[in-house]
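Engineer: I'll drop the sequence and a predicted model, then ask my questions.
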Amino acid sequence: MTTIPQGAAVASSPLQRVAHHAWRIRRFALRMGEVQGQGYVGQALGWADVLATAYCHAMNVKPDDPLWEGRDRFLLSHGHYAIALYAALIEAQIIPESELETYGSDDSRLPMSGMASYTPGMEISGGSLGQGLPIGVGMALGLRMKGNPAWVFNSMSDGELDEGSTWEAAMSAAHHKLGNLIALVDLNKQQADGNSHEILDFEPLVDKWQAFGWHVQRIDGNDLAAVIAAFDEAMALKEAKPRVILFDTLMGKGVDFLEVREKNHFIRVEPDEWQAAIKVLDASYQSHLESEKR
């Protein structure tokens, strides 16, 4: 497991500990967004609970050795979520916080779209949607053949459910009984061209994944206790079959005035709103801490 970064509060439960990491991940993403004045921060805020659970609860990694052969692999298939993953990698101490201010700049290790050749901890160069799960299938099969017990987590968007390659990979994973593969699907219901269901309706998703031979869970992706429980269930399953967790998330989660923006796929944030967003996020987390004490 990754260690709690210096300065992190000592929590009395796994839920409180992961909640602290999720708050910090959201904060890092907003700070990076402010550097460039843009970024996919709506997705980062909505996906932070899943990333915090993955990196600070579920996964086995070594912060000082990102290429350790025994590590669990986290594939960012939706490469435009790079700002979210960078925030998680900073929180997991794989990337130093001092690099945050370089986000999106020339010669930075944190380009605006994720590239494995640049960034420690970035397993694949995502971007063309629908590639991550096929790579994950091959990776999981290769690890099993080598006798490596590591997990492969494939983080993907609901837009990737429009891609035929995703469903070919899903069928292949079940055929090969890849019990070391977990797909994490962000159902934020928005794509660049509009509402995901209007672009290409993919429901009923639970029935479809089950028909393809996967163990399926569908939960509120911003209910942190449910997210932790879903990861635990997926990793404890003894059946030799791939697992998928479908997360219904809210883009902009944690910053109320961003949550209600009409279109959040590439959210417009005014220069004076970045610090306002951080203040709202901090106040919300402080309120959460106070409610925990009651």
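Structural biologist: It's in.
Engineer: now the strands for the stretch 1-150 of the chain?
Structural biologist: Residue ranges of the strands in the stretch 1-150 of the chain, as given by DSSP state E, counting those that start in this stretch, are 73-76.
Engineer: where in it is pLDDT low?
Structural biologist: Low-confidence regions of the stretch 1-150 of the chain, defined by pLDDT under 70, span residues 1-11.
Engineer: mind listing what residue 97 touches?
Structural biologist: 28, 90 (Cβ atoms under 8 Å, 6 or more residues apart in numbering). C-beta coordinates here come from the backbone N, C-alpha and C atoms, glycine included.
Engineer: mind running it again at 6 Å?
Structural biologist: The contact partners of residue 97, by Cβ atoms under 6 Å, 6 or more residues apart in numbering, come to residue 90.
Engineer: and if you look at residue 217?
Structural biologist: Neighbour list for residue 217: 230, 245 [criterion: Cβ under 6 Å, 6+ apart].
Engineer: same check, this time on the one 4 residues further on
Structural biologist: With contacts defined as Cβ under 6 Å, 6+ apart, residue 221 is in contact with 50, 247, 248, 249.
Engineer: Next step: those restricted to helices.
Structural biologist: Among those, the members falling in helices (DSSP state H) are residue 50.
Engineer: Distance to residue 235 and neighbour count added to the contacts of residue 221, as TSV?
Structural biologist: Formatted as TSV, the entries for the contacts of residue 221 read as follows, by distance: Cβ to Cβ, whole Å; neighbours: other Cβ atoms under 10 Å:
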residue	distance to residue 235	neighbour count
50	14	28
247	16	24
248	21	17
249	21	24
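Engineer: Distance to residue 227 added to the contacts of residue 221, as JSON lines?
Structural biologist: Putting the contacts of residue 221 into JSON lines (distance: Cβ to Cβ, whole Å) gives the following:
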{"residue": "50", "distance to residue 227": "6"}
{"residue": "247", "distance to residue 227": "7"}
{"residue": "248", "distance to residue 227": "11"}
{"residue": "249", "distance to residue 227": "10"}
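Engineer: And the contacts of residue 221, which two are furthest apart?
Structural biologist: Farthest apart among the contacts of residue 221 by Cβ to Cβ are 50 and 248. That separation is 11.3 Å.
Engineer: any idea which of the contacts of residue 221 is closest to residue 37?
Structural biologist: Of all the contacts of residue 221, the one with the least separation from residue 37 (Cβ to Cβ) is residue 249, at 24.0 Å.
Engineer: how close does residue 29 get to residue 233?
Structural biologist: Using Cβ to Cβ, to the nearest Å, one obtains 27 Å as the distance from residue 29 to residue 233.
Engineer: swap in residue 160?
Structural biologist: Between residue 160 and residue 233 the computed distance is 23 Å (Cβ to Cβ).
Engineer: Same question for residue 248.
Structural biologist: Computed with Cβ to Cβ, the distance linking residue 248 and residue 233 is 17 Å.
Engineer: My read is that residue 119 contacts residue 108, right?
Structural biologist: No. Between residue 119 and residue 108 there is no contact under Cβ atoms under 6 Å: 9.2 Å.
Engineer: Same drill for these two, tell me which one is more crowded.
Structural biologist: Set side by side, residue 119 and residue 108 give different neighbour counts by other Cβ atoms under 10 Å, the larger being at residue 119 (23 against 16).
Engineer: count of neighbours near the closest residue to that one other than its chain neighbours?
Structural biologist: If the residues on either side of it in the chain are set aside, residue 119 comes closest to residue 109, at 5.2 Å by Cβ to Cβ, 6 or more residues apart in numbering. Taking other Cβ under 10 Å as the neighbour definition, residue 109 ends up with a count of 17.
Engineer: For the spatially most central residue of the chain, give me its contacts.
Structural biologist: When the chain is reduced to its mean C-alpha position, the closest residue under Cα atoms, centre = their mean turns out to be residue 51, at 4.2 Å. Neighbour list for residue 51: 25, 88 [criterion: Cβ under 6 Å, 6+ apart].
Engineer: now it: how far from residue 169?
Structural biologist: Relative to residue 169, residue 51 is positioned 22 Å away (Cβ to Cβ).
Engineer: how about the helices of the chain, start to end?
Structural biologist: Counting by DSSP H, the helices of the chain are 14-36, 41-53, 82-91, 132-146, 164-175, 196-199, 205-211, 224-236, 256-259, 273-293.
Engineer: okay, these in a markdown table with distance to residue 114 next?
Structural biologist: A markdown table is the format used below for the helices of the chain (distance: least, Cβ to Cβ, whole Å):
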| stretch | distance to residue 114 |
| --- | --- |
| helix 14-36 | 13 |
| helix 41-53 | 12 |
| helix 82-91 | 4 |
| helix 132-146 | 10 |
| helix 164-175 | 18 |
| helix 196-199 | 21 |
| helix 205-211 | 25 |
| helix 224-236 | 22 |
| helix 256-259 | 22 |
| helix 273-293 | 22 |
